[in-house]
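**Student:** quick one, what's the 3D model for this:
(chains A, B, C and D, ligands or ions: 4)
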There are 4 protein chains.
Amino acid sequence: MTTRRTGYVWHEQYAWHDTGTHAGIVPSGPTVQPFQTFESPESKSRLAGLVEVSGLLDHLTRIRATRATDEQVLRVHTPDHVERLKAGSAGAGGDAGDGFTPYGPGSWEIALLAAGGTIAATAAVLRGEVDNAYALVRPPGHHARREMGMGYCLLSNVGIAIEEARAAFGVERVMIVDYDVHHGNGAQQIFWDDPDVLALSIHQQQLFPTVGGELDETGGPGAEGTTLNIPLPAGSGNGAYLAAIERVAGPAARAFRPDLILVSSGFDPGALDPLGGMSVTSGGFRAVAAALVALAEDVCGGRIVFSHEGGYSPVHVPYCGLAVLEAMSGFSTGVEDPFGPSFDDSPVHPLKPWQDDVIRAAEELADRLSGRWQ
Amino acid sequence: MTTRRTGYVWHEQYAWHDTGTHAGIVPSGPTVQPFQTFESPESKSRLAGLVEVSGLLDHLTRIRATRATDEQVLRVHTPDHVERLKAGSAGAGGDAGDGFTPYGPGSWEIALLAAGGTIAATAAVLRGEVDNAYALVRPPGHHARREMGMGYCLLSNVGIAIEEARAAFGVERVMIVDYDVHHGNGAQQIFWDDPDVLALSIHQQQLFPTVGGELDETGGPGAEGTTLNIPLPAGSGNGAYLAAIERVAGPAARAFRPDLILVSSGFDPGALDPLGGMSVTSGGFRAVAAALVALAEDVCGGRIVFSHEGGYSPVHVPYCGLAVLEAMSGFSTGVEDPFGPSFDDSPVHPLKPWQDDVIRAAEELADRLSGRWQ
Amino acid sequence: MTTRRTGYVWHEQYAWHDTGTHAGIVPSGPTVQPFQTFESPESKSRLAGLVEVSGLLDHLTRIRATRATDEQVLRVHTPDHVERLKAGSAGAGGDAGDGFTPYGPGSWEIALLAAGGTIAATAAVLRGEVDNAYALVRPPGHHARREMGMGYCLLSNVGIAIEEARAAFGVERVMIVDYDVHHGNGAQQIFWDDPDVLALSIHQQQLFPTVGGELDETGGPGAEGTTLNIPLPAGSGNGAYLAAIERVAGPAARAFRPDLILVSSGFDPGALDPLGGMSVTSGGFRAVAAALVALAEDVCGGRIVFSHEGGYSPVHVPYCGLAVLEAMSGFSTGVEDPFGPSFDDSPVHPLKPWQDDVIRAAEELADRLSGRWQ
Amino acid sequence: MTTRRTGYVWHEQYAWHDTGTHAGIVPSGPTVQPFQTFESPESKSRLAGLVEVSGLLDHLTRIRATRATDEQVLRVHTPDHVERLKAGSAGAGGDAGDGFTPYGPGSWEIALLAAGGTIAATAAVLRGEVDNAYALVRPPGHHARREMGMGYCLLSNVGIAIEEARAAFGVERVMIVDYDVHHGNGAQQIFWDDPDVLALSIHQQQLFPTVGGELDETGGPGAEGTTLNIPLPAGSGNGAYLAAIERVAGPAARAFRPDLILVSSGFDPGALDPLGGMSVTSGGFRAVAAALVALAEDVCGGRIVFSHEGGYSPVHVPYCGLAVLEAMSGFSTGVEDPFGPSFDDSPVHPLKPWQDDVIRAAEELADRLSGRWQ
Ligand SMILES: [Zn+2]
Ligand SMILES: [Zn+2]
Ligand SMILES: [Zn+2]
Ligand SMILES: [Zn+2]
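**Tutor:** Residues are numbered from 1 along each chain as shown, chains lettered A, B, ... in the order given. Ligands and ions are numbered 1, 2, ... in the order given. Have a look, this model is predicted:
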């Protein structure tokens, strides 16, 4: 297998973002016993741990995250949103917008470090210091809207990195591929009218947010076709995800010819995820990542940056993430996914007709709309 | 709504069964960071807590669990299995059979208390002390085979209670309805050749065990049709579960005319379960339970006993369990499921054609085989 | 051993009081990684669990807690404090006063239930329904001042129960014995000028609050001698605690002749407590409780009520609490404290000269001041 | 302040050593609810996290741990002990000797990595690559005896590093200073008859092991005076620890003239430790470390290596460890210990007469015996 120089971002402080004692999603209260927010550090810090223990870290290029600047953030988010977060973070914390986005004292600085981590990974790729890069950041970003946080996301890490790529590196066109199990509604909003950013989201239909993410949302006037949604039915497995990448993301990328691909890398389509209803295995994520890396090599000189989003299984995410990093770098650690053997043989994986229907519709839509791209 | 006298078993010691530090399913090891076994006390003890905090406990009849006797256990399990568990439990613990069933010092006594809890609930119903009963027991039982533990299960709580019902209460025919997301392989094995126990399992196809649980497994010679499997595809929601109950379990019960119904009540078809790939909500479980209670009233004087099985979401199971208990007792606490509003409107719930196909096949099979029941 | 009817209060909702993600004491922040507040449910709920699993619960009289009324609370606390807590509890929670007293949504109602639990235990004793009683309540109360919460305490459970005892049961004189490792500053403030409440606190000198709790604090004008502090040096063991009870609390009680004794029962003098620097064992707590029960039988017809305060070892508190309950009820469960054998033989236990100095000073002070009591 | 090149060892796999579900110290069982072993990863991994988040890591020299070889281990431990651990680690884990030393699958390799980490730190100092070094390793080592594990310790990390220093680097004399709150019984046993290793242990009298660690244990025939114990009474604070270093360790070091000092660095004398009964603060540990570094500069060219031992407060250890590393390196991060302000002013800190008695006795003993050292 070809090996590549793969950049890697992780910062211990990502594990310090305090999401409190919610019962998974909802705040504790008179009839809700406190527990732990699903978006807790474990799945991320245990992935970072496995990257080290597996020995893969020795084959990656460590990229240092620094905080995004206010200027970088304000290219994407409103001053009001920024001020609210700053104030809350300087105090006792709070919620970033929708009631499902708790944060604690100091979370503003950590959110800047997350956005900065995705920027750093992107910059390293654009400078040619590495071939591709994975930014294992926290908090995640793909639900964050311009004017508010949402769904555990404070800032749009990917959106901010894209604007920096355009402002500082002369990048013109960017494609986003979002395989988090939830709709990438934040990027869709942020780039809705932007003909130079193609935002493609593969997700479970109406999981979260419960409205939107449908096929007929294709971008604003002048940007038709630069939003693409593939709302898969619950129960999809490796086959459906790989088909979505190969049959929709692939042709779209070849038609759109981006200079750079940003991946919203969520592991909540994983088979053990408590929030998602899909059944993707580490083998599935490995194949998806390999297909995306090959696609980037095909269309944009291999320039692809993965930015970590959701994924709430402390035990499964590490193996899924390791598989993606192995696929990116071309280096195999030999570490076996202990969940692999039985999971990979599940009857959920072969593409089902009802999944194929959605993918075919997205395929036709993308094909039709891509004519509008210059 | 009619209210009923509903018996309820819970014992603090159920929360003390020690399942160790597995990474969810697999033991820790050189490339597996320790964590917590999915089958941990939280989902059960938090359900017991909500039953109390919601006030429902005041409307239930508390039934005291005592340990099953060796004689009761040995009606179902082999002496070898019993001896191995006793020895391990008197020492440092171990694994009860398949490598996925860790237990600790003293777990044997807790397993006896779980089986004894299901016996006590069954006895209370058969004596007419209560109308129906819920045994919130741990460890679970439906994977346990005669000769070994399996899938977090040490002893067949339901199997042992059925044999006691027949030995001590003159019960002749029993129907098992198992809505745990995993195949009820233990009951299937135990009663495979028994024409007087109809074991019906609704589950995700080939989730666990990965072999078996298919439509064509229908019981041994002389007991044809007394095993019924409904292997639903991943992604099923409330509609599929309710259809399976109404279209398969209902007619089968009316044809089989059991004296008693035992329910293997697993909440791992729940939308937030990390192991299951289904999307059932508390509203779905409520409807399923209501249908089963009505069915019992229709065919066996209302004699129905629920025995708790899987369900691995510490935050969701409490509301699902409360819904079942409310449906059983006819008493509404007014406590809202905080996950309810958005979950219930998901597009996963209406019955899909590909789910209907499985249910229809089971329906036809049950209809055809029920002719053999006298 | 004589057995007694011992009342027992515990409510599941006590375990739901949400104290958040502090690093033990201090809020998380830029240089403070989130963790868990020391005052978490575990030590209490695990004690409640052991009371049940040990079988002792069957020999206790369960007393039901109901919420204290506003009227009951306002006898002790200021309207401002009450309004702030109500408002915070109806919202996202907050801090009850000193920055070390986090609470969550719904904590106000739980605080009422804690005060109400101590009231219920007291009422049961005063009505003669039980001989004595233990209120295992949470949040604790002994640091709460009239106008603010403090040190994990929202409301003065003991203070509120005392005022109810006087208002509703004609009790005239009450003695408080506080063996929590921290100074009982709340009761000291609340009853500073009250000649009818003798507040005696045995604690580690200047542990928390870091100011106060000294020997020379003896009560306000007209109430001289009704505050008594025994500020023991760090490192004290069973001997010092028992000596303090026998040599100071005993004579004081016999001189003061209370109608009722309230005990602020904190297990943070325990040998495994993370906050306290003392080394008391379950055997020590057992002896202290036996001495207090005997004292109550001597001076006030056995009317003694223990209200749970601190104690932050999830593994040690259960055995210490069980020992107290066994001493109170005269019933032995036979459950061995697994920490007992080596802990009890530690050289820390025999009374040391430097501990004796403090006790002697308190002894002399109490003797001198008791002359003022009528 | 002078800055020094300080080496630093930490390996993610140290956090993977699986110590199971003990109730702190004792295995779970019929009357012992499972919990978490005190010796869990948190206190160590959170210290490693703070070293990174504080920025100190950028000023340290990262030293890579590799596994100790069998040859290195067998210089200290018996083949039987090694074989038992290897076998257990290749299986389901077990206990390393005394019933208080649980380990899991793969723990053997982690124990080798811990010993190897202390070796690597020592080697870097002896090669002059760094001025001094801190090995943040796990599992700890100072209780491990030649023939068995004990008290959470599998292998004698310090003992193995000393033998390597002698075998590979020509070091002749080594002094051990052990400020863990428990007696350094392992080193005492291993080097009892060795006149070239001076093992000095400052600890809480008879805490653990409950026998031994007394003043009159001074070494075997021909090695008199090379074992020195300072069994402080419970309740000791910064003053007693600093006095023990300055008045006993200092003169002993100047008399013994070691080529190297190894420090068994346990943070369980800390004020928030659940196992220790002392009250040392981060300021106290900082002063102790500064004194030891100065002592090493005085007697052995600054060659001093700290090897991490106990310390069971996940919230306090990080700040104590950071203080030690700041003192070693001479670099101040400016991070404030959030527990500092009130803790440092506690009346426990000034040296007490009863503590002075013990230190004086040790002082006189060391002075008398040091005459025997050549
Ligand atoms: Zn997601
Ligand atoms: Zn299941
Ligand atoms: Zn306290
Ligand atoms: Zn120690």
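**Student:** all helices for the stretch 251-374 of chain A, in order.
**Tutor:** Under the criterion DSSP state H, counting those that start in this stretch, the stretch 251-374 of chain A contains helices at A:282-299, A:317-329, A:340-344, A:353-369.
**Student:** could you say what helices and strands the shortest one packs with?
**Tutor:** Contacting helix A:340-344 under the criterion 3 or more CB pairs under 8 Å, 6 or more residues apart in numbering or on different chains; DSSP states H and E are the following elements: helix A:282-299. Where C-beta positions appear, they are placed from N, C-alpha and C, glycine not excepted.
**Student:** how about the residues of the stretch 51-200 of chain A by chain B?
**Tutor:** A:53-54 (CB under 8 Å from any CB of the partner chain).
**Student:** any regions of the stretch 201-350 of chain A where pLDDT drops low?
**Tutor:** The stretch 201-350 of chain A contains no residues with pLDDT under 70.
**Student:** for chain C, what's its nearest residue on it.
**Tutor:** Chain C sits closest to A:P314 of the stretch 201-350 of chain A, with a gap of 15.9 Å, by CB to the nearest CB.
**Student:** touching, that residue and B:F35? I think so.
**Tutor:** Yes - using CB atoms under 8 Å, A:P314 is in contact with B:F35, at 5.8 Å.
**Student:** ok, now which ones touch A:S370?
**Tutor:** A:225, A:251-252, A:255-256 (CB atoms under 8 Å, 6 or more residues apart in numbering or on different chains).
**Student:** which residues does A:H349 contact?
**Tutor:** A:237-239, A:279, A:281, A:284.
**Student:** make it 7 Å
**Tutor:** A:237-239 (CB atoms under 7 Å, 6 or more residues apart in numbering or on different chains).
**Student:** show me where chain A has its strands.
**Tutor:** Using DSSP state E, the strands found in chain A span residues A:6-9, A:61-62, A:94-95, A:102-103, A:132-135, A:174-178, A:197-204, A:227-232, A:260-265, A:304-308.
**Student:** quick one, which of the ones you listed is nearest to ligand 1?
**Tutor:** Proximity to ligand 1 (CB to the ion) singles out strand A:197-204 among these, at 8.0 Å.
**Student:** A:H22 and ligand 2, how far apart?
**Tutor:** 25 Å (CB to the ion, to the nearest Å).
**Student:** burial check on that residue, number of neighbours?
**Tutor:** Residues within reach of A:H22, counting by other CB atoms under 10 Å in any protein chain shown, total 24.
**Student:** leaving out sequence neighbours, find the closest residue to it.
**Tutor:** A:T37 (4.3 Å; CB to CB, 6 or more residues apart in numbering or on different chains).
**Student:** could you measure from the one you found over to B:R173?
**Tutor:** A:T37 sits at a distance of 48 Å from B:R173 (criterion: CB to CB, to the nearest Å).
**Student:** neighbour count winner among these two?
**Tutor:** Set side by side, A:T37 and B:R173 show more neighbours around A:T37, with 22 against 18, by other CB under 10 Å.
**Student:** the more buried one and A:T19 touch, don't they?
**Tutor:** Yes - assessed by CB atoms under 7 Å, A:T37 is found in contact with A:T19 at 3.9 Å.
**Student:** count the neighbours of A:L351 for me.
**Tutor:** With other CB under 10 Å as criterion, A:L351 counts 18.
**Student:** excluding its backbone neighbours, what's nearest it?
**Tutor:** A:L351 sits nearest to A:G239 (CB to CB, 6+ apart), 3.8 Å away.
**Student:** how near is the one you found to ligand 4?
**Tutor:** Relative to ligand 4, and taking CB to the ion, A:G239 is found at 54 Å.
**Student:** and A:C320, by the same measure?
**Tutor:** Applying CB to the ion to A:C320 and ligand 4 gives a distance of 38 Å.
**Student:** quick one: contacts for the nearest residue to A:R286 once chain neighbours are set aside?
**Tutor:** Spatial nearest neighbour of A:R286, excluding adjacent residues (CB to CB, 6+ apart): A:A323 at 3.8 Å. By CB under 7 Å, 6+ apart, A:A323 lies in contact with A:282-283, A:285-286.
**Student:** swap in 8 Å and give it another go.
**Tutor:** A:282-283, A:285-286, A:289, A:337.
**Student:** only whichever of these are buried, select them in ChimeraX.
**Tutor:** Remark: buried members of the contacts of A:A323, expressed as a ChimeraX selection using 16 or more other CB atoms under 10 Å in any protein chain shown:
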select /A:282,283,285,286,289,337
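**Student:** what's the neighbour count on the closest residue to A:T31 other than its chain neighbours?
**Tutor:** Spatial nearest neighbour of A:T31, excluding adjacent residues (CB to CB, 6+ apart): B:V335 at 4.8 Å. B:V335 has 19 neighbouring residues, counting by other CB under 10 Å.
**Student:** right, and B:V335 touches B:S54 too?
**Tutor:** Yes - under the criterion of CB under 8 Å, B:V335 makes contact with B:S54 at 4.5 Å.
**Student:** who are the contact partners of the nearest residue to A:S45 once chain neighbours are set aside?
**Tutor:** Once flanking residues are discounted, A:S45 sits nearest to A:A15: 4.5 Å by CB to CB, 6+ apart. Contacts for A:A15 (CB under 8 Å, 6+ apart) come out as A:41, A:44-45, A:138, C:33, D:49.
**Student:** how far away is A:A15 from C:S40?
**Tutor:** Distance from A:A15 to C:S40, by CB to CB: 20 Å.
**Student:** go on, A:E309?
**Tutor:** 31 Å.
**Student:** more neighbours: these two, which one.
**Tutor:** Remark: of A:E309 and C:S40, A:E309 carries more neighbours, 29 against 22, as counted by other CB under 10 Å.
**Student:** next, count neighbours for A:T210.
**Tutor:** A:T210 - counted by other CB under 10 Å - has 15 other residues nearby.
**Student:** do A:W108 as well
**Tutor:** When counting by other CB under 10 Å, one arrives at 25 neighbours for A:W108.
**Student:** in the stretch 201-350 of chain A, what residue comes closest to chain B?
**Tutor:** A:G235 (2.0 Å).
**Student:** enumerate every residue touching the residue nearest to A:H22.
**Tutor:** By CB under 8 Å, 6+ apart, the neighbours of A:T37 are A:19-22, A:24-25, A:102, A:152.
**Student:** let's see it at 7 Å
**Tutor:** A:19-20, A:22, A:24, A:102.
**Student:** most neighbours among these, which one is it?
**Tutor:** That'd be A:G20 among the contacts of A:T37, by other CB under 10 Å, with 26 neighbours.
**Student:** kindly provide the distance from the closest residue to it other than its chain neighbours to ligand 2.
**Tutor:** In space, and not counting its chain neighbours, A:G20 is closest to A:P102: 4.5 Å by CB to CB, 6+ apart. The spacing between A:P102 and ligand 2, counted by CB to the ion, is 30 Å.
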